[in-house]
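> fold the following, please.
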Amino acid sequence: MPAGEVHAWERGTNQTVCGLQLSRQGLVRFPHVTWADAQPATGRDADAVTSVCRRCAAGTGARRDEKPWRRVNPRP
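Below you'll find the predicted structure:
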C-alpha cells in the first residue's frame, strides 16, 4: 500500500503527473490503487499516507477551493 508522500501516475508513462521520473526518484507504482483511494481524507488504502503532492492533485483535477459539501436549502 502507498505510504509517505503520494504522487499521481498514469498508466503507460514512466513519470508522475507533476513530472518526476519514477525510476530516478525510486518511486513504486501501485496500479491496483486508484487516486481517490490514496487520499488521506477519504481513501481506503491511505492509512500510511502522510501527504499528497499538490502539483499531482492539481493535475488530476482537484481544486483548492472545492468544498466537500453542498448547500441544499439556502436561506432567502
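> can you tell me which residues contact P2?
For P2, the set of contacting residues under the criterion of C-beta atoms under 8 Å, 6 or more residues apart in numbering consists of 30, 33, 38, 45-46, 48-49. No exception for glycine: its C-beta is placed from N, CA and C like everyone else's.
> pull out the buried positions in the biggest helix by length in the chain.
When the chain is parsed with DSSP state H, its longest helix is helix 54-59. Within helix 54-59, the residues that qualify as buried are 56-57, 59, counting by 16 or more other C-beta atoms under 10 Å.
> can you tell me the closest non-neighbouring residue to M1?
Excluding its sequence neighbours, the residue lying closest to M1 (C-beta to C-beta, 6 or more residues apart in numbering) is D45, at 5.2 Å.
> so what's that neighbour up against?
Residues counted as contacts of D45 (C-beta under 8 Å, 6+ apart) are 1-2, 30, 33, 37-38.
> how far away is it from V28?
In this structure, D45 and V28 are separated by 13 Å, where distance is defined by C-beta to C-beta, to the nearest Å.
> picking that back up, a markdown table for the contacts of D45, including pLDDT and secondary structure?
Written out in a markdown table, the entries for those read as follows (pLDDT from 0 to 100; DSSP: H, G, I helix; E, B strand; the rest coil):
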| residue | pLDDT | secondary structure |
| --- | --- | --- |
| M1 | 76 | coil |
| P2 | 77 | coil |
| F30 | 81 | coil |
| V33 | 82 | coil |
| D37 | 80 | helix |
| A38 | 81 | helix |
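> buried ones only from those residues, please, as a PyMOL command.
For selection in PyMOL, the members of those meeting the burial criterion (16+ other C-beta under 10 Å) are listed in this command:
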select buried, resi 2+33+38
